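just need the structure, nothing else, for what follows:
(chains A and B)
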There are 2 protein chains.
Amino acid sequence: MSVKTGPFEQMQSVLADDMAAVNTLIRARMASEHAPRIPEVTAHLVEAGGKRLRPMLTLATARMCGYEGGDHVKLAATVEFIHTATLLHDDVVDESGQRRGKPTANLLWDNKSSILVGDYLFARSFQLMVETGRLRVLDILANASAVIAEGEVLQLTAAQNLATTEGIYLQVVRGKTAALFAAACEVGGVVADAPEEQVDALHAYGDALGISFQIVDDLLDYGGASASLGKNTGDDFRERKLTMPVILAIAKAETMERAFWVRTIEKGKQEEGDLEHAMKLMAKHGTLEETRKKAMDWADTAKSALKPLPDSELRGLLEDLADFVVSRIV
Amino acid sequence: MSVKTGPFEQMQSVLADDMAAVNTLIRARMASEHAPRIPEVTAHLVEAGGKRLRPMLTLATARMCGYEGGDHVKLAATVEFIHTATLLHDDVVDESGQRRGKPTANLLWDNKSSILVGDYLFARSFQLMVETGRLRVLDILANASAVIAEGEVLQLTAAQNLATTEGIYLQVVRGKTAALFAAACEVGGVVADAPEEQVDALHAYGDALGISFQIVDDLLDYGGASASLGKNTGDDFRERKLTMPVILAIAKAETMERAFWVRTIEKGKQEEGDLEHAMKLMAKHGTLEETRKKAMDWADTAKSALKPLPDSELRGLLEDLADFVVSRIV
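A predicted model of the protein is given here:
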């Protein structure tokens, strides 16, 4: 009796050797001769629970484009280091106490360690890129890093601001998620010396996949399109984050409804029952369903983007991955 | 009547056009299309009060080695961005409220902005390096960035630990100061395609200059070798930082003295009069004078390092700069 596995597990299986090499390299490079605090903090985050989705994208795209060398392993580790560095800094910025069901590094050690170890991993990631001897991957990942930081700052200043538009939200989402997805896919094509058209296609795929991924995350924070609230839902509302479902509801709000959003999000004066009322307003205007459709559209965009790539097992799995990302909200 | 100016002002005058180009480039690159908070925070730090010593080193070494292109301006701006990014993060880590006599960014805005804008500048610095098309400068500055972060983490874990040796202190100093000085000088030689022997010499000069610079800073925190305490002295003692004068005093401490250091530095139970007593112990063992001599030795090392470079006005000014750095404590 065979159990049908998802595209992510299938990719893990197809790329098992490459992924093992990435894990070995990550462990070797997160060491520090002088400061043992560094591998302690990094191991907490790198070893535990992460799905390695981003490095997997680099491995998959490089192999899909026929790459047979070993530099894609360095680039995959680079991508994971950049991701880990941003998580360390994000948890300090968001004052988070939990990630992936475990206490965050800023809670276990302190904010200082999270900031400095993040900086260390960021520097390490650039060292790894330099080793590939390819200026173009440095260009792509330095640009992605700038977009990530810019998006985070934008989120900071857009938070609690009811004037936040869908366009600003998209900019934030590109920064916090899609920029690294896009770069992870693009460098896979670049290291394989794929034709420009294919490299562009990989960037477009990663961008759309990342946006879809983040919209799904934001929707699930309100219990998905079915709006079934559980113990992990409503965090964004309590933290007064303006995500797609709320932005769309504010755009359609009548006078009284607007006053509700001003009080709860802008002024942060939340009372018992406010989350339930927010859910009712979103249901009334159909914004959870509208958000779900947007996530599906972005997943379709991701799949279509892959058309310039020749048909292959990995292309099929990358297409399936886009469906899989939104399957959580179907 | 001519006023004799110091080597720093003379270098500023010799390199005035280059420095103006660096300032223009910094202003252009600290902009952000989407997040106006970024240039606000950066301008606060970049525009105000900084001496631009590190970018000046890059300009001076490149020109000294006969460089006639324009990439040294990009590298100088890179160095200043890395420096500014580390200052932003340092002020959060040290919970500082003041820098250069002005409120710090973390106080004016918040820790979040300082962390994220620091990340942005770090990414921007790598973009600038990529534009020079030289992998070797990327290698040098990525390595320096890793050493900086490693040194900061080491300082964090070494703080308040009486077992901190002079060797660990030197490692911390290399991280917090000398690594960027060394890299700033080295890339000047690299961009000018100087012979290896000269590039090595420039690295050695920057390393020794940076160490001397930091030891002087640490000594001045105790009022210099003359130990004249003013309103800005004793901060390191109050913050329980183990710097050279204290490390040397602990190494020579008798039993009672050791108990004093354990109470004040390790346990942090400081009382009225403790700083004065610490000064007495350092005077008794001559550690402020010993520290002064070490700073002078490093300045001499810096000057000697320049010997492989042909004699020139800029070489003379760089030598004078090493003397100038320690002149504050002579």
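
correct me, but A:Ser32 touches B:Glu150?
Yes. Using C-beta atoms under 8 Å, A:Ser32 is in contact with B:Glu150, at 5.5 Å. Backbone N, C-alpha and C define where each C-beta goes, glycine included.

just the pLDDT at the closest residue to A:Thr61 other than its chain neighbours, thanks.
Spatially, and ignoring its direct neighbours in sequence, A:Thr61 is nearest to A:Gly188 (2.8 Å; C-beta to C-beta, 6 or more residues apart in numbering or on different chains). Here the pLDDT value assigned to A:Gly188 is 98.

after the host helix or strand of A:Gly188, which helix or strand is next?
A:Gly188 belongs to helix A:179-191 when elements are defined using DSSP states H and E. Beyond helix A:179-191 on the C-terminal side, the first helix or strand identified by DSSP H and E is helix A:196-220.

how far off helix A:179-191 does that next one point, in degrees?
Counting by axes from the mean of the first three to the mean of the last three C-alpha atoms, to 10 degrees, helix A:196-220 points 160 degrees away from the direction of helix A:179-191.

tell me what helix A:196-220 is packed against?
Judged by 3 or more C-beta pairs under 8 Å, 6 or more residues apart in numbering or on different chains; DSSP states H and E, the packing partners of helix A:196-220 are helix A:166-173, helix A:179-191, helix A:244-251, helix A:287-305, helix A:313-327.

how far off helix A:196-220 does the third one point, in degrees?
Put plainly, it is helix A:244-251. Relative orientation of helix A:244-251 versus helix A:196-220 (the same axes, to 10 degrees): 70 degrees.

coming back round to it: which residues touch the residue nearest to A:Thr61?
A:57-65, A:67, A:72, A:75, A:202 (C-beta atoms under 8 Å, 6 or more residues apart in numbering or on different chains).

A:Val14 too?
With C-beta under 8 Å, 6+ apart, A:Val14 has these contacts: A:60, A:313-314, A:317.

before we move on, the earlier item: can you list residues touching both of A:Ser32 and B:Glu150?
Each of A:38, A:120 lies in contact with both A:Ser32 and B:Glu150 under the rule C-beta under 8 Å, 6+ apart.

so between the two, which is more surrounded?
B:Glu150 (27 against 20; other C-beta atoms under 10 Å in any protein chain shown).

can you give me how far the one helix or strand the more buried one maps to is from the chain middle?
B:Glu150 belongs to helix B:135-158 when elements are defined using DSSP H and E. Offset of helix B:135-158 from its chain centre (C-alpha atoms, centre = their mean, to the nearest Å): 13 Å.

show me what counts as buried in that helix.
B:135, B:137-158 (16 or more other C-beta atoms under 10 Å in any protein chain shown).

same deal with stretch A:102-110?
A:104-107, A:109.

repeat for stretch A:283-303
Buried, per 16+ other C-beta under 10 Å, within stretch A:283-303: A:285, A:287-292, A:294-296, A:298-299, A:301-303.

then stretch A:306-315?
So for stretch A:306-315, counting by 16+ other C-beta under 10 Å, buried means A:306, A:308-309, A:314-315.

so for it, mean pLDDT?
96.

what about it, distance to the chain center?
Averaged C-alpha coordinates place stretch A:306-315 at 23 Å from its chain's average position (C-alpha atoms, centre = their mean).

how about residues contacting it?
Contacts of stretch A:306-315 (C-beta under 8 Å, 6+ apart): A:11, A:14, A:60-61, A:63-65, A:197-198, A:200-202, A:205, A:318-319.

what about stretch A:246-263, how long is it end to end?
In stretch A:246-263, first residue to last residue: 14 Å (C-alpha to C-alpha, to the nearest Å).

enumerate the positions of that stretch that are buried.
Buried-residue list, stretch A:246-263, by 16+ other C-beta under 10 Å: A:246-250, A:253, A:257, A:260-261.

repeat for stretch A:210-224
Neighbour-count burial for stretch A:210-224 flags A:210-219, A:221-224 (criterion: 16+ other C-beta under 10 Å).

now, the most widely separated pair of these?
A:Gly210 and A:Gly223 (22.4 Å; C-beta to C-beta).

average pLDDT for stretch A:90-98?
For stretch A:90-98, mean pLDDT rounds to 77.

does chain B sit close to it?
Yes. Stretch A:90-98 lies within reach of chain B by C-beta under 8 Å from any C-beta of the partner chain, at A:92-93.

so how far is that stretch from its chain's centroid?
16 Å.

with just CA atoms, put that stretch into CSV.
C-alpha atoms of stretch A:90-98 as CSV (Å, rounded to 0.1, in the frame of the first residue of the first chain):
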residue,chain,number,x,y,z
ASP,A,90,12.3,39.6,12.8
ASP,A,91,11.8,37.9,16.1
VAL,A,92,13.5,40.8,17.9
VAL,A,93,11.6,43.3,15.9
ASP,A,94,8.2,41.6,16.5
GLU,A,95,9.1,40.8,20.1
SER,A,96,8.1,37.2,19.3
GLY,A,97,8.4,34.5,22.0
GLN,A,98,7.7,31.5,19.8
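
can you tell me what sits against that stretch?
Against stretch A:90-98 from outside (C-beta under 8 Å, 6+ apart): A:99, A:103-107, A:111, A:114-115, A:152, A:156, A:239, B:111-112, B:115-116.

what does stretch A:323-330 give?
By C-beta under 8 Å, 6+ apart, stretch A:323-330 touches A:6-8, A:209, A:212-213, A:216, A:219-220, A:224-225, A:292, A:295-296, A:299, A:303.
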